[in-house]
Every structure is written in C-alpha cells, then in structure tokens.
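> My questions concern the predicted model and sequence given below.
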Amino acid sequence: MSRRSSRTLLNAVGLLATLVFAFPVYWMVNTAFKGPDEIQTYTPVFVPTPTLDNFAKAISQPHFTDFLRNSVLVTGVTVILAIVVGFLAAATVARVRFRGRAGFLLLVAVAQMAPFEALLIPFYLVVRDIGLYNKLPALVLIYFIFTLPFTIWSLRGFVAGIPVDLEEAAMVDGATRFGAFMRVTLPLLAPGLVATSIFCFITAWNEYFYAFVFMTDAQNYTLPVWLGSFRTNFGTDWGATMAASTLFTLPVLVFFLLVQKRMVGGLTAGAVKG
Amino acid sequence: MTEPQALGLARRPVPGSAVAPSRRVRRLLRRALPYLAIAPALVTFVVLLGYPVLLVVQTSLQHFGLKQLINGGATWVGLANFQTIIGNAEFITVVIRTFLFMAVNVALTVTIGTLAALLLGRLNRAVRLLFSGAMILAWATPALTGSVIFQWLFDSKLGVVNWAIGSLGIFGSWLNHSWFDTGLSTFAIITMLIVWQSVPFIAFSLYAGILSIPGELPEAARVDGASERQIFRFVTFPALRPLLLVLTFLSIIWDFKVFTQVWTVAQGGPAGATVTLSIFAYITGLSRSQFGIGAAVSVIMVLLLLLVLVPYIHRMIKSQDEL
C-alpha cells in the first residue's frame, strides 16, 4: 500500500473513531432539544426542531436552586482547600530535600491508591459521630481527602518541571530564595495550578456516591442527585434527563477546554538551553 | 542525606542585620520549614485518612449492626465476619466476576488507548483536531451522565442502538430487545461505557509521551529501512514503557473498585448478576446495615487489590530516588 493511500485510510479510521466517541454526547444534546413527539418515536430524529421545554422542565424541578448552590459551594471550598494544602506540600517536596521526604512521597502515593469505595462504612461512622451526617461540610471533608493526593502529585510534577536553574539565576541576580520562587516559578506554574484545580473541580462536581449516601434531605443534595430525579414508576422523562445532563456537563466541558488550551505551548520551552 | 540540601540555600549569605533573629533560630526555622509546609497534608493523610482505614479494620473484626450503631457496644468477634463471607458461595462468584470485569476493562482500555494515541500521531491536522475534540467530549462527560446517556442509547423501545441494529436488516428487528436482561449483556454495556470514558486519558497521555520522543529516533530508524511496525516495536514502545506501566496500574485501580457506573446502570441487577466487590460491600454494609460484614468485605477488597499491585508497588519503591 502506498504511503498516501495508507494516510487516507488512517484519516478515514480517524473520522470513524471521531463519530464513535462523539455520538453519545451528540445524542444527549440532541435529545435535550427534542419535543416529546421526536423522543417518543421508533425512528430516531437526528436533527431536531429545537425546543427549550426540556431545559425549562429540568430547572423548574423542586429544589434545583438548592442543588446548584450546594454543588457550587462544596466544589469551590474543596478546590481551595486542596490547592492551598497541596501546593505547600508539593512545592516543598519538589524543591527541598529533607529527611523523610521519600517517606512522605510514598505516603502520598499510597493515599492516592486509597479505595474510597472501600471506606464508605468508616466514613459513614465518623461523619455520624462528629455530627456532620446530612451536612454539606461532610462532603467537603471527604472530597478534600479524595483530591489531595493527586493535587500534590500533579503540582509536584509541575514544580519539578520548571528548571531550578531559573530560580538560581534570579538568586544570582540578588533575589532571595523565596522571592525567586514567587517571581520566577509561580508565574510559570499558573497553567499547572489551573490544570490541577480543574481536576479537583471535576472530581468534586461529579461525585455521586457519597453525596447520595450521606445527604438525606433534599435541600442538601448536590446536582448529581438531580440527574436521577426524572425517573418515576411510570418511566423516565428522557428529554428532561438529557437536558439536565447537558447542563450538568457543560461547566465541566468548558473547564476541560480551558486546560487543553493553556497546556499547549510549553511556557518554559527554550528558557534554558545549552 | 546528612544536611537538608535546600538547593542554593547554603550559598545564600545570612544578612547580619540587628533585627534579624539569631543564626541559631534561623537555622532551626529553616530546618523546620519543610515540615511545617507539609504538616497540613501529613495530618490529612495520617488522621483524616488513616483513622477511617483503622476503623474499617476494627469494624471488620466486630459484630456491628444497626443496634450497635444506635446504642454502641459493638463486640469483638475476631475473624467471624471473614469466615461468614468466605463461606458464602455468592462471595466467591463476586470475586471472580470482579477480576474478570477488571481484566477485560483494563485490557480494552489500554489497547484501544494505545491505538488511539498512535492514530493521533498520523492523522491530518484537521482530522486530528476532530478526533481530539471527540475524545475530550467523552473524557469530560461525568461518569454519572455517561451512565444516563448509555441507558438512553440502549433503551429497549426508543433507544437509537436498537433502531440502528434493526435497520441494518441483517439481524431482523431489535425493537424491544432488552440489553439489561442478562448479566453478560449488562456488563457489555457497562464495559463500553467505561472504555469510552477512560480511553481518552490513556490516549492523550501516550500521545504526549510519543511527542516527547526525539523526532530523530524514528527518523533514523526509517532511514535505516525499518518498517512502521519495527519502529513501534524498537523505538516507540520501549520509550513509552514506563508510561504504559503507570497507565495500566492506574486503570487496574480504577476498574477494580469502580462503583458509580456499575451501580447507576444496573444497581447490581439483573438478579445480582452484575454485583462486583464494591457493590457487594455497599449492599451488605449499608443497605443491610451489617456494618461489620461490609467492613470485612472492604478489607478483603483492598487486600486483593494490593495482591494484584504487588509487582507495581515493588517497582515504585525501587524507583523512589527518581521521584
């Protein structure tokens, strides 16, 4: 097979793979904009006559504003906590050699492997004992513990990826070690901080299991519980479910795209060479 | 490691100003600083994570039901909970099922992820952007949303998949075919869902790995007359090996204990045919309020996972200096 025709074939495979990967999301959005007639039909409609009825129905669900506020609150506090605590630890292990550093890194690695699915029972008992059962701080606490190991691991990588030579150069020019870190490394670290925050955001935003088990009152639910609220014994309202899913996925998608853009173009490329 | 060799610290002149604390205090502070900085994280791991880990072990050795939850006074029963579980024929089935499910998911995810990464490198710019965009869509989709979408795609009456299979005209009408009637077909859908959502991470990571291989290497091999397959085998693959190892390792952890997708798609049904270990722990522990037995299941689950990961952990400890 000639090089050109094999390239064409590969591109065709690429397009097919694109269809396969995009289809479920396309079908979610597509359904979200359909009226009942276009959903309740045996021959699927691929290009709907768009209507916003499903979205209106989804956000007029009882307690929607509570769910939204809870999700934003829990997610926001989790991200801030994880980034502050994680950054302190990550910058330290990446830049300072101290006794116990290897042990600490091992602890982080082990913590990252902690199967939270297996810790449901003890967390349930602890949260009950300290009076946080059915309260939002319980979720913040658990999501913070969840995201911290990865946050440290990821930020450590980003700090280590910035050549220490840059800081040393600034120090030769008279900056203090702290000043050099703040003025040279921190700005270069911005993409890493953004990327890591986004990871924390997504983890906390998407978490369903603990939110479902630990929050018993409707006003304490987070958004994931809302997605399941369009099911009754009479069947599922697929239009509203897909509209809710679309709204729920949208911020995640936007953040994802943000990282993609910022991660491209290595900021330090060519800063230190030869 | 004798002296904390804070990079560049030793070379810094200590300012001899009168207001500056004495050298001794400064030196002490400098030594304590790294520990102060990692302290919040350390406390989180040791206390906030460590205590629940101890508690799950403790609970697994106790008779702990709804009565004990309300009144306290759980009694120690030694390994009785473990004996109960291991004597349960269903449990052995669940363990085997979990391993099979994990193996299939990891194998598919890593293989398809590798192929997708190699494909990304060979596409025209426009197609590559499209394919990346589609994978980002799949990757960004929350696990829960994914479950809901796949249930809709495979809905027996109005699902687009049954319509598509029916309109191929080869298999007859698939209208009303229910995918969630048998364990195997339910698992097939859960697997498709998990693979769909996990491939992008693997593919993008490996693609970044491929890009970091100096272009001269495959070029030189090509000049020397190597085929594409040989280039992959002798140049690309060895360079990607450490990364592949980590990705496989992560996939094993994720797929072994996955809960959300398995639970939201089928709640362990039909008739318990898709109950994996994490579902089993949840059902016995919380739904049936047998906290002691549920905790014991969780402990066994972690031990099994550790057993699978021994070679990886060994490697990790060995390469600690590179961290």
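Arrived safely, thanks for sending. Keep in mind it's a predicted model, so treat the numbers as computed, not measured.
> mind listing the strands for chain A?
Taking DSSP state E as the criterion, chain A contains strands spanning A:231-232, A:235-236.
> Return the most buried member of these.
Per-residue neighbour counts averaged over each of the strands of chain A give the maximum for strand A:235-236, namely a mean of 13 (mean count of other C-beta atoms under 10 Å in any protein chain shown). Heads up, the C-betas are built off the backbone N, CA and C, glycines and all.
> Distance from that one to the middle of the chain?
Going by C-alpha atoms, centre = their mean, to the nearest Å, the spacing between the C-alpha centre of strand A:235-236 and its chain's C-alpha centre is 29 Å.
> what pairs with it, and is each one parallel or antiparallel?
Each strand pairing with strand A:235-236, determined using DSSP bridges, is listed with its direction: strand A:231-232 (antiparallel).
> how distant is the strand it pairs with from the center of its chain?
Taking C-alpha atoms, centre = their mean, one finds strand A:231-232 lying 28 Å from the centre of the chain it belongs to.
> Now the closest residue to chain A within the stretch 151-300 of chain B: closest residue in space, sequence neighbours ignored.
Ranked by C-beta to the nearest C-beta, the top residue of the stretch 151-300 of chain B for proximity to chain A is B:S298, at 3.8 Å. Across the structure, with C-beta to C-beta, 6 or more residues apart in numbering or on different chains as the measure, the residue nearest B:S298 apart from its sequence neighbours is A:A118 (3.8 Å).
> so what secondary structure elements neighbour the helix or strand harbouring B:P242?
Secondary-structure assignment from DSSP states H and E places B:P242 in helix B:237-257. Other helices and strands packing on helix B:237-257, by 3 or more C-beta pairs under 8 Å, 6 or more residues apart in numbering or on different chains; DSSP states H and E, are helix B:89-122, helix B:183-211, helix B:277-282, helix B:291-318.
> So which of those is the most surrounded?
For these, average neighbour numbers computed from mean count of other C-beta under 10 Å are highest in helix B:277-282, which has a mean of 26.
> outside of that one, which residues touch it?
With C-beta atoms under 8 Å, 6 or more residues apart in numbering or on different chains as the test, helix B:277-282 has contacts from A:115, A:117-118, A:120-121, B:91, B:94-95, B:98, B:256-259, B:262-263, B:268, B:294, B:297-298, B:300-301, B:304.
> And stretch B:64-83, by the same measure?
By C-beta under 8 Å, 6+ apart, the surrounding residues in contact with stretch B:64-83 are A:125, A:128, B:59-63, B:289-293, B:295-296, B:299-300.
> picking that back up, any idea of the angle the helix holding B:P242 forms with helix B:183-211?
Compare the direction of helix B:237-257 with that of helix B:183-211 by axes from the mean of the first three to the mean of the last three C-alpha atoms, to 10 degrees and you get 150 degrees.
> got the contact list for helix B:237-257?
A:113, A:115, A:117-118, B:98, B:101-102, B:105-106, B:109-110, B:113-114, B:194, B:198, B:201-202, B:205-206, B:209-210, B:213, B:217, B:277-278, B:301, B:304-305, B:308-309, B:312, B:315.
> May I have it as CSV, with CA atoms only?
Included here for helix B:237-257 are C-alpha records, laid out as CSV according to Å, rounded to 0.1, in the frame of the first residue of the first chain:
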residue,chain,number,x,y,z
PHE,B,237,7.3,1.1,22.6
PRO,B,238,10.5,1.0,24.7
ALA,B,239,10.3,4.8,25.2
LEU,B,240,6.7,4.5,26.3
ARG,B,241,7.1,1.5,28.5
PRO,B,242,7.3,3.3,31.9
LEU,B,243,4.3,5.5,31.0
LEU,B,244,2.3,2.4,29.8
LEU,B,245,3.1,0.7,33.1
VAL,B,246,1.8,3.6,35.1
LEU,B,247,-1.3,3.9,33.0
THR,B,248,-2.0,0.2,33.3
PHE,B,249,-1.5,0.4,37.0
LEU,B,250,-4.0,3.3,37.3
SER,B,251,-6.5,1.6,35.1
ILE,B,252,-6.3,-1.5,37.3
ILE,B,253,-7.0,0.5,40.4
TRP,B,254,-9.9,2.4,38.8
ASP,B,255,-11.6,-0.6,37.2
PHE,B,256,-11.2,-2.9,40.2
LYS,B,257,-13.1,-0.6,42.5
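> quick one: average pLDDT of that helix?
Helix B:237-257 carries an average pLDDT of 87.
> Name the residues of that helix that are buried.
When burial is assessed from 16 or more other C-beta atoms under 10 Å in any protein chain shown, helix B:237-257 yields the following buried residues: B:239-240, B:243-244, B:247-257.
> Just the closest of those to B:G166, please.
Using C-beta to C-beta, B:D255 is the member of these that lies nearest B:G166, at 31.8 Å.
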